[in-house]
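>>> show me how the following folds:
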Amino acid sequence: MDTILEVKNLSKKFGAFWALKDVSFTLYEGEILGILGPNGAGKTTLINCLLGLVLPTEGRINYFGLPFPKYRSKVLEKVNFASNYVGLPLSLTLEENLLVYAHLYRLKNPKEKISELLKLFGLWEKRKLRTRTLSSGQMMRLCLAKALLNEPRILLLDEPTAGLDPEIARDTRSLLQSLSHEKNTSIIITSHNLSEIERISDRVLVLQKGQVKALGTKEELLKSFEAKSLEDLYFRLNL
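Next up is the predicted model:
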């Protein structure tokens, strides 16, 4: 498989605290990499470094063989992001929010793409409403719609199904798997939901106190740590 993202010895220090320490991994084309870890493990800091929102203290990030952030603008044209912790401007309608991002990504037929995504995430009937009227689950769906506007080659997702109804969460997981298998979209997803990560991830990375404690396929990790399940492995590593 082709390497589409390479992270090497990535570290981030805030004052005397190392949020990340020597984190290294690769992401392959069409792969879903699940990242597990307790609160404070460094998951969100890692995503922020991958987006260029936080500058690492040490280490390097290469997208598509290009050093980041030297080629930040070029790289981010092919990357997108959604998080349960980041919303969109509340004073704009759903449609207006997506139009803003569609223009930023220079979409050729923005209204057509926006209609498709609003219908996909069950938000079509709310398209003219102010974003402030949305529930937390609906806001997450809108953020996911935004993340798919530019048909990214790499999708970074920070707890994307948190707060979603079970049916919508299931449909979202199915969508992510379809993007991976049918469009070769590479996906990094953080979650506290062990069963979710186990179901959809090709490989799993476990972070603890900013360091990589385990990385591999589910089968590799269970064999290496003599664990019965991913849940068993997770609690062994985090005890």
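>>> what does residue 4 show for phi and psi?
Torsion angles at residue 4 (phi, psi; degrees, to the nearest 10) stand at phi -110, psi -20.
>>> ditto for the one 4 residues further on
Residue 8 adopts backbone torsions of phi -130, psi 120, taken as degrees, to the nearest 10.
>>> what about it, neighbour count?
14 (other CB atoms under 10 Å). Every C-beta, even on glycine, is put in place using the N, C-alpha and C of the backbone.
>>> kindly report the same for residue 67.
For residue 67, using other CB under 10 Å, the count is 13.
>>> chain neighbours aside, what residue packs nearest to it?
Excluding the flanking residues, the one nearest residue 67 by CB to CB, 6 or more residues apart in numbering is residue 60, at 6.6 Å.
>>> can you name the next helix or strand after the helix or strand hosting the one you found?
Using DSSP states H and E, the element containing residue 60 is strand 58-63. Using DSSP H and E, the helix or strand that follows strand 58-63 in sequence is strand 66-68.
>>> domain assignment for this protein?
3-78+153-238, 86-151 (automatic domain parsing).
>>> what bridges to residue 212?
Counting by DSSP bridges, residue 212 is bridged to residue 207.
>>> surely it meets residue 204?
No - in this structure, residue 212 is not within contact of residue 204 by CB atoms under 8 Å, at 10.9 Å.
>>> more crowded one of the two?
Neighbours were tallied for residue 212 and for residue 204 using other CB under 10 Å; the higher tally belongs to residue 204 (23 against 20).
>>> tell me if that one really is in a strand.
Yes - under DSSP: H, G, I helix; E, B strand; the rest coil, residue 204 falls within a strand.
>>> need the pLDDT of it.
pLDDT recorded at residue 204 is 95.
>>> find the nearest non-adjacent residue to it, please.
Nearest residue to residue 204 in three dimensions, chain neighbours excluded: residue 34, at 4.8 Å (CB to CB, 6+ apart).
>>> that neighbour contacts residue 199, doesn't it?
No - between residue 34 and residue 199 there is no contact under CB under 8 Å: 9.3 Å.
>>> ok, those two, which is more surrounded?
Between residue 34 and residue 199, counting by other CB under 10 Å, residue 34 is the more crowded of the two (25 against 14).
>>> what about the residue nearest to residue 67, distance to residue 207?
Distance of residue 60 to residue 207, computed by CB to CB, to the nearest Å: 18 Å.
>>> what does residue 81 give?
Taken as CB to CB, the span from residue 81 to residue 207 is 18 Å.
>>> more neighbours, these two?
Between residue 81 and residue 207, counting by other CB under 10 Å, residue 207 is the more crowded of the two (25 against 22).
>>> now the more buried one: how far from residue 186?
Relative to residue 186, residue 207 is positioned 19 Å away (CB to CB).
>>> which helix runs longest in this protein?
helix 166-183 (DSSP state H).
>>> list the buried ones in that helix?
Across helix 166-183, burial judged by 16 or more other CB atoms under 10 Å covers 168, 169, 171, 172, 173, 176, 179, 180.
>>> what residues does the very next helix or strand once past that helix touch?
Under the assignment DSSP H and E, the closest C-terminal helix or strand after helix 166-183 is strand 186-190. Contact with strand 186-190 is made by 4-5, 27-37, 43-44, 47, 50, 153-160, 176, 179-180, 197, 200-201, as judged by CB atoms under 8 Å, 6 or more residues apart in numbering.
>>> what's the angle between strand 186-190 and helix 166-183?
Here the directions of strand 186-190 and helix 166-183 differ by 150 degrees (axes from the mean of the first three to the mean of the last three CA atoms, to 10 degrees).
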